[in-house]
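Novice: Sequence first, then the predicted structure, then my questions.
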Amino acid sequence: MEFFQVFIELAQSTVRLSTPLILAALAGLFTERAGVFDIGLEGKMLGAAFAAGSVAYITQSVYMGLGAAILVSVLLALVHGYASITQRGSQIVSGVAINFVVAGSTVILGEAWFRQGGRTPALSADGRFGTIKLPFADAVREVPILGQIYSGLLSGHSPLTYLAFLMVPASWWILYRTRFGLRLRAVGENPGAVDTAGISVIWLRYRAVICCGILCGIAGAYLSLAANAGFTKGMTAGKGYIALAALIFAKWRPKNILFACLLFGFLDAFAIRYQGYAFPLIGKVPVQLMQALPYILTVILLAGFIGKAIPPKAGGVPYVKER
Amino acid sequence: MSVPYAKLPAWAEYGLIPLVNLAVAFLISGLVVLIVGESPLEAAYHMINGAFGRGEYIGFTLYYTTTFIFTGLAVAVAFHCGLFNIGGEGQAYIGGIGVALACLAFDRTLPWYLVFPIAIVGAAFFGALWAMIPGWLQAKRGSHIVITTIMFNFIAASLMNYLLNKVFKPLGNMSLETRTFDTGGQLPKLDWLMSIFGLSVGSAPFNISFLLALLAAFGVWVLIWRTKLGYEMRTMGHSPAAARYAGIKEARIIVIAMMISGGLAGMMALNPIMGEQFRMQLDFVQGAGFVGIAVALMGRSHPAGIIPAALLFGMLYQGGAEISFEMPSISRDMIVIIQGLVILFAGALEHMFRPAITRIILGLSPKTRDVAATKGA
Amino acid sequence: MSELAIELKGIDKSFGLVHANRNIDLKVRKGTIHGIIGENGAGKSTLMSILYGFYQADHGDILIDGRKVDIRDPNAAIAAGIGMVHQHFMLVENFTVLENIMLGAEESQVLNAGITKARAELKRLEKEYALEVDPDAVIEELPVGIQQRVEILKALYRRADILILDEPTGVLTPAEADHLFRILGQLKDEGKTVLLITHKLREIMAITDEVSVMRRGEMVATRTTKETSVEELAELMVGRRVLLRVEKGEAKPGDVKLSVKNLTVRDSRGVTMVDDVSFDIRAGEIVGIAGVAGNGQSELLEAISGIHRATSGTVLLNGRPVDVTGHADPAELRKSGLAHVPEDRHHVGLVLKFEESENAILGYHDDPKYRKGLLLDIDAIRAEAEEKIAAYDIRPPNPRLKTANFSGGNQQKIVLAREMERSPDVLIIGQPTRGVDVGAIEFIHRRIIEMRDQGKAVLLVSVELDEIRALSDRILVMFAGRVVGERAPDASEGELGLLMAGVEGSKEAAE
């Protein structure tokens, strides 16, 4: 039973830690499937988290915070979009640049406005997302196994978490069952085909980039409004890159993204829980190894299992009409 | 209207446009300063004064420039081979191991001019090693080098943390650093060079690794444009299909390019470790790897552009320290913002002002118009 | 209601300093097949792109059916009833046929709603024009000829009255081309108008009613096809009398220099592209490989030159075996006497961003004569480049100019100079005159014959049957990865066409 208890706790942690990854990876999915590569998921999440933390504090409203997060993230996404689509610049360079600008700006602005060393002031309950208790969660808590799963694992999460998990099938539906999705996938494979069919490549890609912005905004808001009580300096801590790795690992498909993010979330949960723990046979695992584990595993996965994953054919290449 | 396609004279292409991009980056940074409630002009004054106002300040500026020349060259070499090496940060970090090992082993027994070459080899070796793995993964397994090098940066940070904690730190110390080096592990300052210009270096750690950096810049130029290896790298960078046709082995050239890149990044470690701190501390790299990206982009991956670009960022760093001293609400993170904006305008948005500039130039002088005509597509 | 489907008045378009279309007037009558011919760089593609809304003309008017229209994007063109079948298909490879056809005309946001209707309409079109395709087939698995049908169906699905076809027969066998022409004839009978862009004079003579000739951005002439001839059109295209045949003497074949035995090549997807191919090439002869693009010729060249690994088989170069299935590499092959002019000079044969002198040593940069100590000897490299420029009349004669600034023909000369001047034993050439202006074509053909006369073994691959027949001493035809026949160069086009289409008479494989 003790094992089961540990399982539930780890699973719970996994779900919480996967939430921003899922949202960010789905964000990346929309933009990359449309042919715009985005390394800037990290920057958008960070900017969004900062905006959420700041506005939620000032307005004492969690929804204003969420709105601000999405707005900032979409703005950043549009900058990246402008550089990549209209200016046809290097998409990787643009992403890297935005990450820097955001990293620096959040600290400078945070310090200037709140004078707390780069963080936003702690949020009260109004400024945060509470958790949702699923119906009957209390009632079935005592039921062995199934009840515990229901009340301990499935229930009690932030509304943004449920939203994140719902976004997976929603994204699938949008991509594969709507006109928008068809065109979006087409423009990432052969923008010429889209252009010649009378559809604006540029507007389509901008819309994809905006979708990315929205989802990253929610991811960032989750960090500062749900997982924590406010923004702290550098709080994304590389999650944007892990989400990107998950996206690639998932071969740019929504269903796989869910599993990839859960896996990485699990690794994180495992590392946190077993920090300093003396394992049988192996002994004490250095805390630094635990910290590095997600990155090491990502590299191993990229090297071993994926090998040459095939990205969208027109990905990373700005669209120029043939002369 | 297809003015953008016209070819501009060289001075506009390599001089004016980068300057305009730079100016815009600074303008926007100035806006951020305004938003924070401070005066951009005052900030600019402190920056320039802080960077060049005294011999000592110039010394600091050149000290930072040294670091950025190395990391800028590192990124540039990889760029020529078509690779985006974002891992300079981690490679520089790991390069520090090589420097530390050399110094810890020989600082008491050998003079600095013997320890220095050993440390150079060590730094380059370890830096190259850390770059070789992502390079090999890209070459043989197709793993995207941008992602792997980002991951390796994080892994390097954890690894160094562990090493400093468990291996290098003398027992009983609280801070994560090696013991202080003896004279063998200390590089002499370039005070004699400064006194030629009538300046005093003061407390600035401007040291001999600056000369090594200049040498490295020259070496990179020779490598890229005057050697067979450089020719192969450039071919690869422009067209992998042509490289294959020409009999250039893709995997080999990618790994070699990454190793040279990593080695240059690793050599950056000599500057702070042997030139300033005389020990290896936690995070002695302090973002230099990323500045290298900005420097390489601004300098168009050419040593002749990288050196001034590195100087610019040296000025930003030193001037930035002065700003944060005089105007406490603008911390060093401001530099990160400027860095990002420079990367944005010099890298991704580099053609943004081209149409306007082209119109102005071609409109101004019939002569330049004719020059453009004969050179045009 | 006008009798003109399209009228262009004074269309003018420049790209910077390149004046692509100069004051073009064009009248296309309804219900006709109107040909547009011209060399590369004549401006045909630009003109069509303007008509289809990819570009906007700087000056000039477009009248469709007598009414002035402003075609600012492909949507406007489609609305005006114009459909385009591109030379390089604009299809999404991993979509199905149905998805490709629906793209842009999906009817509704939720796809499922429009799919049934689309299927029905597609079926109707297929029957009406004999353009059968499986709507659920994935594009990348379809043969190229079928993919083109999808392109045509796309235009018809959007109710095009005017159909523009840009070089449609490059990827078709003669039989498929005939089928296409029948379809075009049918469209014409129904009152649709067809604009056929091609450089193949024979096609023009075969099916067009009228033909307009473009040269250097200008519309030089319009003729009624019945009243003109191939010679007249060629002369109009180029501006001077053109020799359509190249002079060559008898071949004197010597020893076998290149021997290919049972060569099989599978591509990265596991599809067999070259299937058990065997042939020999002797010194002093030109062996031409005819065939429609995509039947394994490219893979054959890549395997022999070491660029792509072969799956099985042997290749002997000068009698010595080459490890084509393992570690053979282009550098080694060059040293053993093989030179290769690749099909794609833009991305394979040249590095466009390099200076001309840098491209002059591509593949041979290892040669000690280009080095002085550890470094490259730039002076020596440039000096040699200047020699080659003079010998091959490469213009402009500037070895420091970036290769992208040279015209197609001159670029090809750079490649040829590089590969031929090394005096290789075996020269393999792919598409030597693709995208090359007629003047340079003559030069290049003469050089190839010279190589043969100097005792080199030449393997020539080209999709231009005329070129193969003009230059080869022996012709091998490839279809679906196999050599399906060997013929003498005086074999009829019909006979070769049948072989190219996979119709095998008596099964002959070259030894």
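Specialist: Arrived safely, thanks for sending.
Novice: got the contact list for residue C:276?
Specialist: Residues in contact with residue C:276 (Cβ atoms under 8 Å, 6 or more residues apart in numbering or on different chains) are C:262-264, C:313, C:482. No exception for glycine: its C-beta is placed from N, CA and C like everyone else's.
Novice: Of those, which is the nearest to residue A:6?
Specialist: The shortest approach to residue A:6 among the contacts of residue C:276 belongs to residue C:264, at 56.5 Å (Cβ to Cβ).
Novice: There's contact between that closest one and residue C:309 in this structure, I believe.
Specialist: No. Taking contacts as Cβ atoms under 8 Å, residue C:264 lies outside contact range of residue C:309: 11.2 Å.
Novice: buried sites along stretch B:119-126?
Specialist: Of all the residues in stretch B:119-126, those buried under the rule 16 or more other Cβ atoms under 10 Å in any protein chain shown are B:119-120, B:122-126.
Novice: if we can go back for a sec, between which two of the contacts of residue C:276 is the distance greatest?
Specialist: Taking Cβ to Cβ, the two most distant members of the contacts of residue C:276 are C:313 and C:482; they sit 12.7 Å apart.
Novice: intersection of neighbour lists for those two?
Specialist: Here residue C:313 and residue C:482 share the contacting residues C:276-277, scored by Cβ under 8 Å, 6+ apart.
Novice: pLDDT wise, what is residue 193 at?
Specialist: Chain wasn't specified; assuming chain A. Note for residue A:193: predicted pLDDT of 91.
Novice: my question was about chain C
Specialist: The per-residue confidence score, pLDDT, reads 94 for residue C:193.
Novice: Correct me if wrong: it contacts residue C:164.
Specialist: No. Shown here, residue C:193 and residue C:164 do not form a contact pair, counting by Cβ under 8 Å, at 9.4 Å.
Novice: show me what contacts residue C:341?
Specialist: C:349, C:415-416, C:419, C:427-430, C:432.
Novice: returning to what we had before: with the buried residues of stretch B:119-126 in mind, which one is nearest to chain A?
Specialist: residue B:126 (17.5 Å; Cβ to the nearest Cβ).
Novice: Grab the nearest non-local neighbour of that closest one.
Specialist: With sequence-adjacent residues excluded and distances taken as Cβ to Cβ, 6 or more residues apart in numbering or on different chains, residue B:126 is closest to residue B:98, at 3.9 Å.
Novice: again with residue B:118
Specialist: The shortest distance from residue B:118 to any residue that is not its chain neighbour, by Cβ to Cβ, 6+ apart, is 4.4 Å, and that residue is residue B:102.
Novice: Whichever strand or helix holds that neighbour - contacts with which helices or strands?
Specialist: Using DSSP states H and E, residue B:102 sits within helix B:88-106. In terms of contact count using 3 or more Cβ pairs under 8 Å, 6 or more residues apart in numbering or on different chains; DSSP states H and E, helix B:88-106 is assigned the packing partners helix B:55-80, helix B:112-136, helix B:145-163, helix B:250-267, helix B:288-298.
Novice: can we see that at 10 Å?
Specialist: The helices and strands touching helix B:88-106, judged by 3 or more Cβ pairs under 10 Å, 6 or more residues apart in numbering or on different chains; DSSP states H and E, are helix B:55-80, helix B:112-136, helix B:145-163, helix B:250-267, helix B:270-272, helix B:288-298.
Novice: Dump these into JSON lines; add mean pLDDT as well.
Specialist: As requested, the helices and strands packed on helix B:88-106 are arranged in JSON lines below (pLDDT from 0 to 100):
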{"stretch": "helix B:55-80", "mean pLDDT": "95"}
{"stretch": "helix B:112-136", "mean pLDDT": "95"}
{"stretch": "helix B:145-163", "mean pLDDT": "90"}
{"stretch": "helix B:250-267", "mean pLDDT": "96"}
{"stretch": "helix B:270-272", "mean pLDDT": "95"}
{"stretch": "helix B:288-298", "mean pLDDT": "90"}
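Novice: Let me see the contact set for residue 64.
Specialist: Using chain A here. Counting by Cβ atoms under 10 Å, 6 or more residues apart in numbering or on different chains, residue A:64 touches A:52, A:55-56, A:58, A:127.
Novice: Let me rephrase: I mean chain B.
Specialist: Residues near residue B:64 by Cβ under 10 Å, 6+ apart: B:51, B:204-206, B:271-272, B:286, B:288, B:291, B:310-311, B:313-321.
Novice: before we move on, what about residue B:263?
Specialist: With contact set as Cβ under 10 Å, 6+ apart, residue B:263 has these partners: B:70, B:73-74, B:77, B:91, B:95, B:98, B:120-121, B:123-132, B:216.
Novice: intersection of neighbour lists for residue C:264 and residue C:309?
Specialist: When contacts are counted by Cβ under 10 Å, 6+ apart, residue C:264 and residue C:309 have C:303, C:325 as shared neighbours.
Novice: Can you pull the poorly scored residue ranges out of chain B?
Specialist: In the predicted model of chain B, residues B:1-8, B:364-377 satisfy pLDDT under 70.
Novice: what's the domain layout of it?
Specialist: For chain B, whose domains are defined here by automatic domain parsing, the residue ranges read B:1-38+B:329-377, B:65-326.
Novice: Please verify my assumption that residue A:149 contacts residue A:11.
Specialist: Yes. Taking contacts as Cβ atoms under 10 Å, residue A:149 lies within contact range of residue A:11: 8.3 Å.
Novice: What residues of stretch C:489-499 count as buried?
Specialist: So stretch C:489-499, judged by 16+ other Cβ under 10 Å, has buried residues C:489, C:491, C:496-499.
Novice: Check stretch A:68-85 too.
Specialist: Neighbour count says stretch A:68-85 has A:68-77, A:79-85 buried, by 16+ other Cβ under 10 Å.
Novice: That stretch vs chain B: in contact?
Specialist: Yes. Residues of stretch A:68-85 contacting chain B under Cβ under 10 Å from any Cβ of the partner chain: A:79-80, A:82-84.
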